[in-house]
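> A structural model of the following input is requested.
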Amino acid sequence: MSDDEKHPFVDEAARKSSTIVTKNSIAIPRDSKKYKKSDRAWNWEKIVDLFFPQEQSPKRNKYAKIFLRELKDEGEIDSEKLNNFGEWGHEKGLSNLKNNILPKLRRIGVIQYEYLEYRGQREGKQGRRKVVKPARSFTSILDSMANGWAAFESAAYQSNE
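Got it, this is the predicted structure:
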């Protein structure tokens, strides 16, 4: 395959490694005791383990759970609180959170950013403040995937009859 014909989802780094590159994927674990197919609903922490597997990225797993627990309790986290992650989260986790965890959570639809414009007390001081909130996109994505697969199963079973 030439450079022009490369598939957009093929990750060359992942091909050279035997592990899953979790930056571009969600890991489906083999642990059938922890991830029972018969469970009606999974705990949110189990779902975070799919995005940041403990075995492959323990720090990201830990920081993501700290962040999402706080987001769940507070409802939203503004940029000031986010920048103080060292005080309420982990003293060394801020750059990992900002550079790896938040972008992935946003990309897969777990969180969303909202920007609020403000003007300071002194004239001329203005800017935008970022607020991180839970998003409903991830639920919609999973619903679409489930509905699509249900249609596939239905069509496959109908063709066997």
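
> quick one: the strands in this protein?
Taking DSSP state E as the test, the strands found in the chain are 77-78, 111-119, 126-134.

> Could you dump these into TSV and include mean neighbour count, mean pLDDT and distance to residue 33?
All C-beta atoms are positioned from the backbone trio N, CA, C, and that covers glycine. As requested, the strands of the chain are exported to TSV (neighbours: other C-beta atoms under 10 Å; pLDDT from 0 to 100; distance: least, C-beta to C-beta, whole Å):
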stretch	mean neighbour count	mean pLDDT	distance to residue 33
strand 77-78	18	94	33
strand 111-119	12	87	29
strand 126-134	14	88	29
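
> Format those as a markdown table; extra columns: distance to residue 91.
A markdown table is the format used below for the strands of the chain (distance: least, C-beta to C-beta, whole Å):
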| stretch | distance to residue 91 |
| --- | --- |
| strand 77-78 | 17 |
| strand 111-119 | 22 |
| strand 126-134 | 20 |
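
> all helices of this protein, in order?
Under the criterion DSSP state H, helices of the chain are mapped to 12-15, 44-51, 58-74, 79-83, 85-88, 94-96, 102-107, 137-160.

> before we move on, back to that, who wins for proximity to residue 30 among the strands of the chain?
strand 111-119 (27.8 Å; C-beta to C-beta).

> Which residue is the nearest non-sequential neighbour of the residue nearest the centre of the chain?
Nearest residue to the geometric centre of the chain (C-alpha atoms, centre = their mean): residue 105, 2.7 Å. Excluding its sequence neighbours, the residue lying closest to residue 105 (C-beta to C-beta, 6 or more residues apart in numbering) is residue 111, at 4.6 Å.
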